[in-house]
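Student: just coords:
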């Protein structure tokens, strides 16, 4: 199991990515009765994850423009990064990453 930190980098301070983390693939619908979590420039949620493939399905709130999401292993400083731009949409976005042993 590894502790993985999800981070967001944006020039727009209040921009946030709000959604759900799934192992494997994301279902068509958001899980009922489960509260989504938020990633912002100043809020970096951490998860203890088993090795495998993961997807963060999210929507953008409180901002627009270009931003980057990262899945970071703080122990090794290795990360997976992806660039996004709300000009291409702000709903139903996905960030995929792999946790290695």
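Tutor: Received the coordinates, thanks. Keep in mind that this is a model prediction, so the values were computed, not measured. Numbering: from 1, shown residues only.
Student: buried stuff in stretch 16-34?
Tutor: By neighbour count with 16 or more other Cβ atoms under 10 Å, stretch 16-34 contains the buried residues 16, 17, 19, 20, 21, 22, 26. Glycine gets a C-beta too; all of them are placed from N, C-alpha and C.
Student: Could you check the helix or strand containing residue 98 and say which residues are buried?
Tutor: Assessed by DSSP states H and E, residue 98 sits inside strand 93-99. Going by neighbour count (16+ other Cβ under 10 Å), the buried part of strand 93-99 is 93, 95, 97, 99.
Student: what are the pairing partners of it, and which direction each?
Tutor: strand 52-61 (antiparallel) (DSSP bridges).
Student: Can you tell me what sits against the strand it pairs with?
Tutor: Counting contacts by Cβ atoms under 8 Å, 6 or more residues apart in numbering, the residues outside strand 52-61 that touch it are 6, 15-26, 30, 36, 38-39, 67, 69, 71, 84, 86, 90-99.
Student: Contact partners for residue 96?
Tutor: Residues in contact with residue 96 (Cβ under 8 Å, 6+ apart) are 53, 54, 55, 56, 82.
Student: Tell me the bridge partners for it.
Tutor: When bridges are assigned using DSSP bridges, the partners listed for residue 96 are residue 55.
Student: want to throw the buried residues of stretch 16-34 into TSV with distance to residue 47?
Tutor: Written out in TSV, the entries for the buried residues of stretch 16-34 read as follows (distance: Cβ to Cβ, whole Å):
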residue	distance to residue 47
16	17
17	15
19	13
20	12
21	7
22	12
26	15
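Student: of all those residues, which comes closest to residue 43?
Tutor: Proximity of those to residue 43 (Cβ to Cβ) peaks at residue 16, which lies at 7.7 Å.
Student: Quick one: neighbours of the spatially closest residue to the closest one that is not a sequence neighbour, just the number.
Tutor: Nearest-residue entry for residue 16: residue 40, 4.4 Å, with adjacent residues in sequence omitted and distances by Cβ to Cβ, 6 or more residues apart in numbering. Neighbour count for residue 40, taken as other Cβ atoms under 10 Å: 20.
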